[in-house]
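Asks: sequence isn't available, so here's the structure alone:
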């Protein structure tokens, strides 16, 4: 019975161990990364069926105590059955509700069960918010450590250090307590030698941080690398990756995230914060039986945790919830929406009470603009949108090409060396340029900022004409030399960021894409903004400006251009839409600027989609072959269920079990000669009328159990799946009744069903498999993997790129 | 063949015309309300099957021209088949995409097709925004008309009139151009007689407006009454109510909404604005084939239009989108989310550029608070939440009881009299009390307002102690006599609003619930807020205040309490959650106050849910028996498909058609003796193996067509649904091949499938019917109506309350 094609489509993983170890290019140490330590116990005479290796990581504890032990758990790298999980939760809920009428204790239990979801959200919010605060404070301190140290206490960062001193804000850089490395070592900070010393210290610290990060990731938690969003999307769609959201991953990711951000690499902490929040959610789930034991319920919690993660990353709770809804989640009922919002809010306020930015602001980049924008400005905004879309598409292509190269060549074998080289290049290039030396979030803050009258930054060095200033409103002014220098430096920074980010994202350190993307866009936006501003200043008599931008008026806000550019680039890379605009809206707090943001985000998405349909996360999902069934893309080909089902036309017929005519031995032969996770049960081989579906695991456990405990069950005993078993001659051995393990409601479609409908059913109901019938006769089976492979094939991709089940 | 039970569950409406005419208590004139004028053409020999009356309103135009004309349209009061609609759209899209490679023209067509959705959203936003602006301006003017007239031009409202004069804002009420009716008629405004005259004019105008409204609704567009949200929810869930979103409804609803709001009745314009926006969406759909011809696509547009409606009602685009997602929509793919957001934004900005409030603000109630709140204040906020929940539950129960009374007694026959009496009572009670005389939205605005130093309103008459005032911050002060008077008046207004709203909502005029609910909550909140403020002022040494509210500090903001109360009451009535908080957040614009709002909204929902699960809209849906399958509530009973399917145990077997052995006459007999909308096709009566499903309509049209056009088709011709028809003796008449109309992929479940899974399938896939099998044999059928009736039965409700199909 060689059904190779079907086997690939079966539930049991048929991929080699090596494939599995290459998730996101990480070679993993399972004994550390695994959240549920593998029990590796001998499973009767059947352990060989599990394929060995990781698949032996069974969570089956003791199958003799409960009626059907081991049922309801999944093996690693398998797909969950949403329908079954939800049914199980409803059964549980029904039981608690029924019992609650019996006693006060049961009533209390029922109430506490109902509120456990809210309690869990509260805990996730508190934990995620605290961790985010911790990460912010540490990263701030360590980033400044690259440049110098505070004499008043080495644990103060530069800003904090200078608060203590009585200098004014403008002299912030020169407070006496803060010593740069040259000042500390040489006693002075002037001259070429001091510069070189500072340069050297900067590079050395950066290398130390990044090497420590990559070694920690490599040694203790291989899952801690990358942004984690592609994997979280896959997990939320119903896939099991044990240990991905475990406590070791949490600890190592938190530490290495601080190190990676501090090292000055072109990466951000926003994506990884989502991963950190999801780890918190997953770990806290263990406190509540309701969520610990049910994979579907747990995924609801993880969706909310993802919202909390974005919420703390940007201080944007509504945006976080929409991000989770739009980008990350798969199954998002309205109850989850409300709870996610709660978790996101708690997380945001926890972060605010920790106050890592020292300004009591909720948001990462607080911006206040004074002037409305003019309709004509939509032209540059749309230009920024086009730039964002082009950059997004370019970035995705280059990054995926580079990551594929890393996966397929020797490059992937030297992750530490890779990090060393990229960090060294980044640090060496970054130090001379003020705008790359500062941390990326500081840079974005400065670019978003609208120049006030007292601003001392180079970007605000305009030629002041105090005669025309009225109150707070600053008119457009001629750019001073500082602005021109800043423009050159920003242009160089732009080029550097554009290229270095391609090589940075995907290395074996935690790395988010939000901040680098936004930085690229913000620089481009600010450059364009200043250009338009100067154009309007010198040529305010041009017809296009004449109506709205007379001399001495403040009509162009370059900070707004930076913000629009940031939104455009982020949109181009991630293809976020509503959540992007809402996050940006929460940063400014004014509905006024939604229209420019929306125009840029829309243009950017259209342009990027025209070049390549996939966002960066989907591209990485495909690169890694995760079994993710995209809910956004419509399946648009005219194939039918019969084209996808196994067995194929010339294959041997489907392996089935009959309902009342097979002996224990027959079934054991079928189980041992195939690797499928389940078998259809039919009335008889000739009629092929479907009765139900039985899972391999249940079958093995039940037979094993019956042989041990039930008298008279031998190899020739007939297995009977019906209610009433047919009478047998008195000499024959007793019958093994297995109706209880039979799924009597398997999903079926006819062979003529269009695949678009089949895909829809798999997506919306979260199926693992679906049986195919023709005129009431069983014909074949379609698994989720078959569907994914078919979609890949239709999109002219390699169908075998889909790994796992 | 009497299968009465099954017939009720069939697709063809079996309810009487009278039932149908009682939608929302409205007796309708279809010739006016219908958007597609009924063609009432004779449908061959089969028109009698259609049940006559409204069901004859077929949109089938000419079934001789297209291969399968009439297919894809639905009769009135029928449920659409989402799967079929979506398949059809995918086919259409596939064809356009394929053609686009052929010529430039086809490519342009493909591009314009892709962008037509965006264009449509733009148009909806513009139209909805303009109409909202028009309604605001007219309602403003007519509300003021009840009190007086502007001499500078009768078309100016009070505020506008006094802008022209040079008086200051504080003397706003006394500008010389504005004359109250007594001033105009008597020449002076003082004295008892003048007061009585003004009183009389107020009542007369109110009666005129409301009577005009009810007569217009009754005479021209019965669907224009009520808030429309329950019906829109039902339509979006896949039900057809022709004319409900038609142009007459739009025109009449717009006019009568202005009249109803101006009459001073206790109702708002927010719910009806959603209906108006949906009408705009539906009418504009006719411009694009893509949306005109596909019921599923059209519902995507309507979801977006609903978002635009809320967006203009409150000036809250994000809240509007979330409202549409959470409360109104059924099928809401992510593409719709993004487009809804666009439509909502365009609508909001159109409204702002019309500037009906004259303050260039986007939002209806703009609030700016200065002081943060203290954690201890959560106690009164939660109390407000409890009040909101209790009021919500009380309102829903009383209103539903009253509406049921109206439906079942003679009361419903005198809608004009009812409106007359309620308006008279409202106007007579309202005039003496300043807070009920002003329009409800003005009242809410005033209650939300934080008292500034220059505020002249009675609510802000505090005892000023200018010594302790520092800058803008006003400390808590002792309430002056004005505040105490205002408290009494507000308490009376609260009692009046609480009761009169119960009788107002459901009358035959357009009436929204948002504003009255918010008013009740805002009054209660302000009362509590002032009480807490005075408590804190006089007893600032109490331990609970000592830590944070010392003498001379500004610690309590009564306006915030009003806002929290408004959110709580609105939440109690509608059970909105996230959208409610986001709408309120958009009003204040500060994340600061989200926590109090969320605490109140959560408490209110929990309290109200503990008393009764349904929100007001769901309660009205149930009252009117609309076939709405609630997506939020989980079905939690342990029944199986076999308990719900037809035929029941002792009924005659299912009516089926065999694939190749029935004659035209046999089929015609089946069609004429039953009223089902479709028939399963089986291999043979004995095997009962399912082949497919054929729709009644398709069958009738095809046979009719074949008899007319195809030679040799007589009553004894065999109908053949297979690919290869069995050879017949040469003497027999030619075979009628009908495979093309057979649906080869009907949905099936087994008889053992739990109903919770069946309900889930119906909900998520939007099915109209599902066939039930046992061991591969066809056993029965479950329609959407069967599911709805079963849910009603399980909830101990009358299953026959579900009308229509």
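Replies: Good, I have the coordinates. Since we're looking at a predicted model, the values are computed, not measured. Numbers count the residues shown, from 1 in each chain, chains lettered A, B, ... in the order given.
Asks: and the strand or helix carrying residue A:446, what other elements does it pack with?
Replies: Using DSSP states H and E, residue A:446 sits within helix A:440-448. Counting contacts by 3 or more C-beta pairs under 8 Å, 6 or more residues apart in numbering or on different chains; DSSP states H and E, helix A:440-448 is packed against helix A:514-538, helix A:558-574. All C-beta atoms are positioned from the backbone trio N, CA, C, and that covers glycine.
Asks: also compute the angle for the first one relative to helix A:440-448, please.
Replies: Here helix A:514-538 runs at an angle of 20 degrees relative to helix A:440-448 (axes from the mean of the first three to the mean of the last three C-alpha atoms, to 10 degrees).
Asks: how far does the helix or strand following helix A:514-538 sit from its chain's centre?
Replies: Next along the chain after helix A:514-538, taking DSSP H and E as the criterion, comes helix A:543-546. Centroid separation for helix A:543-546 versus its chain: 46 Å, with C-alpha atoms, centre = their mean, to the nearest Å.
Asks: could you do stretch A:620-628 as well?
Replies: 12 Å.
Asks: compute the first-to-last residue distance for that stretch.
Replies: End-to-end distance of stretch A:620-628 (C-alpha to C-alpha, to the nearest Å): 11 Å.
Asks: now do the buried residues in it.
Replies: For stretch A:620-628, burial by neighbour count (16 or more other C-beta atoms under 10 Å in any protein chain shown) applies to A:620, A:621, A:622, A:623, A:624, A:625, A:626, A:627, A:628.
Asks: same thing with stretch A:182-192?
Replies: A:182, A:183, A:189.
Asks: what does stretch A:346-357 give?
Replies: Neighbour counts over stretch A:346-357 (16+ other C-beta under 10 Å) mark A:346, A:347, A:348, A:349, A:350, A:351, A:352, A:354, A:356, A:357 as buried.
Asks: restrict those residues to those near chain B?
Replies: A:348, A:349 (C-beta under 8 Å from any C-beta of the partner chain).
Asks: could I get the buried residues of stretch A:346-357 in CSV, plus columns for pLDDT, secondary structure and distance to residue A:103?
Replies: Listed next are the buried residues of stretch A:346-357 as CSV, based on pLDDT from 0 to 100; DSSP: H, G, I helix; E, B strand; the rest coil; distance: C-beta to C-beta, whole Å:
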residue, pLDDT, secondary structure, distance to residue A:103
A:346, 92, helix, 33
A:347, 93, helix, 37
A:348, 88, helix, 40
A:349, 87, helix, 38
A:350, 89, helix, 37
A:351, 88, helix, 42
A:352, 83, helix, 43
A:354, 83, helix, 43
A:356, 65, coil, 48
A:357, 60, coil, 51
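Asks: of the buried residues of stretch A:346-357, closest to residue A:278?
Replies: residue A:347 (12.3 Å; C-beta to C-beta).
Asks: for that closest one, list the residues it contacts.
Replies: Contacts for residue A:347 (C-beta atoms under 8 Å, 6 or more residues apart in numbering or on different chains) come out as A:124, A:125, A:126, A:128, A:129, A:132, A:277, A:308, A:309, A:311, A:312, A:317.
Asks: so who does the last one touch?
Replies: Taking C-beta under 8 Å, 6+ apart, we find residue A:317 in contact with A:307, A:311, A:341, A:344, A:345, A:347, A:348, A:586, B:591, B:594.
Asks: roughly how far apart are the most centrally placed residue in chain A and chain B?
Replies: Nearest to the mean C-alpha position of chain A, by C-alpha atoms, centre = their mean, lies residue A:229 at 1.3 Å. In this view, residue A:229 and chain B are 16 Å apart by C-beta to the nearest C-beta, to the nearest Å.
Asks: one more: residue A:476?
Replies: 23 Å.
Asks: please identify the deepest-packed of the helices and strands packed on helix A:440-448.
Replies: Most buried of these by mean neighbour count (mean count of other C-beta atoms under 10 Å in any protein chain shown) is helix A:558-574; its value is a mean of 31.
Asks: and whatever helix or strand comes next after it, what's its mean pLDDT?
Replies: The C-terminal neighbour of helix A:558-574 among helices and strands, as given by DSSP H and E, is helix A:578-588. Across helix A:578-588, the average pLDDT comes to 85.
Asks: now for helix A:578-588, which elements pack on it?
Replies: Against helix A:578-588 (3+ C-beta pairs under 8 Å, 6+ apart) you get helix A:295-314, helix A:317-323, helix A:558-574, helix A:594-611, helix B:317-323, helix B:334-354.
Asks: gap between the second one and the chain center?
Replies: Computed by C-alpha atoms, centre = their mean, the chain-centroid distance of helix A:317-323 equals 14 Å.
Asks: ok, now the third one?
Replies: Between the centre of helix A:558-574 and the centre of its chain there are 21 Å (C-alpha atoms, centre = their mean).
Asks: against which helices or strands is that helix packed?
Replies: helix A:378-408, helix A:440-448, helix A:514-538, helix A:578-588, helix A:594-611, helix A:616-624.
Asks: which of these sits closest to residue B:303?
Replies: Across those, closest to residue B:303 is helix A:578-588 (C-beta to C-beta), at 13.7 Å.
Asks: identify the residues contacting the closest one?
Replies: For helix A:578-588, the surrounding residues in contact (C-beta under 8 Å, 6+ apart) are A:310, A:314-320, A:322-323, A:325-327, A:363-369, A:448, A:563, A:566-567, A:570-571, A:574, A:591, A:593-594, A:597-598, A:601, B:318, B:321, B:337-338, B:341, B:591.
Asks: redo that, cut-off 7 Å
Replies: The contact list for helix A:578-588, computed with C-beta atoms under 7 Å, 6 or more residues apart in numbering or on different chains, reads A:314, A:316, A:318-319, A:322-323, A:326-327, A:363, A:365, A:367, A:369, A:563, A:567, A:570-571, A:594, A:597-598, A:601, B:318, B:337-338, B:341.
Asks: worst mean pLDDT among the helices and strands packed on helix A:558-574?
Replies: Minimum mean pLDDT among the helices and strands packed on helix A:558-574: helix A:578-588, a mean of 85.
Asks: what's the burial count for the residue of the stretch 201-350 of chain A found nearest chain B?
Replies: Proximity of the stretch 201-350 of chain A to chain B (C-beta to the nearest C-beta) peaks at residue A:338, 4.4 Å away. By other C-beta atoms under 10 Å in any protein chain shown, 23 other residues sit near residue A:338.
Asks: shaky segments in the stretch 401-550 of chain A?
Replies: A:453-455, A:464-475 (pLDDT under 70).
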